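J.: got a sequence here, can you model it:
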Amino acid sequence: MDPLGNLITADFWGNGLQVWRSNGSAALEIELYAAPAPGFAQSFGVAVSPAGAPNSGSIVGVDRLNQRVELFNSSGAYVRSGGSRGTALRFLSWPEAAAFAPDGTLGVSYYDLRNRPVGSPALTTDAWLATCPPPCDQTGTWREAHLGGPFDAAKAPDSGGSFLGDYQGLAGVGPDRFRAFFVEADPGTRDDPTDVFSTEVG
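T.: Presented below is the predicted three-dimensional model:
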């Protein structure tokens, strides 16, 4: 929900974002190629900066297959992208969720394989949270916190690839503070191969 009461949703298969007025009518569509090439690929989540924050109304979309987040202003105009595939800070391999804290700090949760030994058959994976204080522009300072892992993602159910599930989430719970929900593979339990975890960071 944005500060004007509009509902903003991620359109996963449509590869974009949808803005809906409080009466249910469509207000705006942020389409596939609103972001730079190759545009959105699987819109996995969306977050809106709250009223009173320096960046109030800013919209962030999770562009999962391109392994980045896309930032738009309150009118839906593209501002910039953040992240790409990699292991260094600000490289958002497999972003899962985004949220704004009440003070406008942006949080993005994601997984990466930075701790995987070269040549290992195991998909040694960790969960992370990257945060950026407002206005989170090109000179913004990103920080990183470890959420969970390492675990072997190869032990997760096979759905055309290791599938950790859709039970991921992130919420701003205080100034520069977030509650994260994430999934890890549990190789010791055949009938329940993944577990959901939650932790608060900030």
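J.: skip ahead from whatever helix or strand Tyr110 lives in and say which helix or strand is next.
T.: Assigned by DSSP states H and E, Tyr110 belongs to strand 106-112. On the C-terminal side of strand 106-112, the nearest following helix or strand under DSSP H and E is strand 124-132.
J.: and after that following strand, which helix or strand comes next?
T.: With secondary structure assigned by DSSP H and E, strand 124-132 is succeeded by strand 143-152.
J.: starting at the chain centroid, how far to the strand holding Tyr110?
T.: Centroid separation for strand 106-112 versus its chain: 5 Å, with Cα atoms, centre = their mean, to the nearest Å.
J.: that one - contacts with which helices or strands?
T.: If contacts are counted by 3 or more Cβ pairs under 8 Å, 6 or more residues apart in numbering; DSSP states H and E, strand 106-112 sits against strand 59-63, strand 95-100, strand 124-132, strand 169-174, strand 177-185. Yep, even glycine has a C-beta here, placed from its N, CA and C like the rest.
J.: as a markdown table, those strands with mean neighbour count and mean pLDDT would be great.
T.: Below are the helices and strands packed on strand 106-112 laid out as a markdown table (neighbours: other Cβ atoms under 10 Å; pLDDT from 0 to 100):
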| stretch | mean neighbour count | mean pLDDT |
| --- | --- | --- |
| strand 59-63 | 27 | 90 |
| strand 95-100 | 25 | 93 |
| strand 124-132 | 22 | 93 |
| strand 169-174 | 18 | 96 |
| strand 177-185 | 22 | 96 |
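J.: I'd like the ones you listed laid out as a markdown table, including distance to Gln18.
T.: Converted to a markdown table, these look like this (distance: least, Cβ to Cβ, whole Å):
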| stretch | distance to Gln18 |
| --- | --- |
| strand 59-63 | 11 |
| strand 95-100 | 16 |
| strand 124-132 | 25 |
| strand 169-174 | 19 |
| strand 177-185 | 23 |
